[in-house]
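[1] I need the structure of the sequence given here:
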Amino acid sequence: MIAQLHIRSWQQAYRGQLPDSFLLELDNTLARRITHWAALLDDSSQRGHRVLVAEHDGSLIGFVTFGPADGQPTDLKLGEVQAIYLDSAYWGRGYGRALLHAAPEGLRDAGFNEAVLWVLETNKRARHFYESAGWKADGQTKTEKRGQVVLNDVRYGICLVD
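    Numbering: from 1, shown residues only. So this is what the prediction gives:
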């Protein structure tokens with residue numbers, strides 16, 4: 001189930017970057033996340049969003065979501081990779097790269113000229129992953145607070161047209 005994978009991958013990817021207590025507490029958000037994902041999947045095509053998944057031997061191991069950039073006028077032709085997560089047991093095996101490659105392709109096919117994504121500033125592994133795929137930090141930052149935890153994100157961008 002995608003909600004369980006979302007929680008598990010957060011716990012794996014952000015271990016050592018976010019407090020253990022915060023990551024463990026994510027288990028208690030499963031019911032809310034199931035509802036969120038059901039609504040997102042039901043409404044995704046209406047809003048121009050897509051969700052692609054990666055499977056291994058019939059089991060869900062990763063996903064990517066993308067569509068119009070949140071909070072931006074659609075005439076800017078700016079797409080966004082809203083989330084990309086992969087079970088850590090499959091890191092370094094090409095699944096993440098395939099998901100990351102599919103998102104800009106899908107955005108380009110939908111008519112977007114540029115794409116952005118946000119990444120936790122301290123997530124060096126993910127930042128290197130994006131940079132190795134041609135994404136570049138563009139200087140934009142944002143701060144989000146979840147309970148007592150502060151998430152500092154940096155934005156990466158990539159041009160989708162030649």
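
[2] which residues does the least confident helix or strand in the chain by mean pLDDT contact?
    Lowest by mean pLDDT, DSSP states H and E among the helices and strands of the chain is helix 30-43, with a mean of 85. Residues external to helix 30-43 that are found in contact with it (Cβ atoms under 8 Å, 6 or more residues apart in numbering): 1-4, 6-7, 49, 51, 65. Heads up, the C-betas are built off the backbone N, CA and C, glycines and all.

[3] among these, which are in strands?
    If you go by DSSP state E, the contacts of helix 30-43 have 51, 65 in strands.

[4] show me which of the contacts of helix 30-43 are buried.
    2-3, 6-7, 49, 51, 65 (16 or more other Cβ atoms under 10 Å).

[5] this protein: strands as residue ranges?
    Using DSSP E, strands in the chain cover 50-56, 59-68, 78-86, 114-120, 136-146, 149-159.

[6] show me what stretch 118-125 is in contact with.
    Outside stretch 118-125, the residues that reach it (Cβ under 8 Å, 6+ apart) are 13-14, 17, 126-127, 130, 141-142, 151-156.

[7] roughly how far is it from the heart of the chain?
    11 Å (Cα atoms, centre = their mean, to the nearest Å).

[8] one more: stretch 20-40?
    15 Å.

[9] cool, and stretch 15-28?
    That offset, for stretch 15-28, works out to 18 Å (Cα atoms, centre = their mean).

[10] please apply the same query to stretch 106-125.
    8 Å.

[11] check stretch 6-25 too.
    With Cα atoms, centre = their mean as the basis, the mean position of stretch 6-25 lies at 15 Å from the chain mean.

[12] list the buried residues of it.
    6-11, 13-14, 18, 22-23.

[13] dump those residues to CSV, plus distance to Asp162 and pLDDT.
    Shown next, in CSV, are the buried residues of stretch 6-25 (distance: Cβ to Cβ, whole Å; pLDDT from 0 to 100):
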residue, distance to Asp162, pLDDT
His6, 34, 93
Ile7, 39, 92
Arg8, 38, 92
Ser9, 33, 90
Trp10, 35, 90
Gln11, 39, 93
Ala13, 33, 91
Tyr14, 36, 92
Leu18, 39, 92
Phe22, 42, 91
Leu23, 41, 91
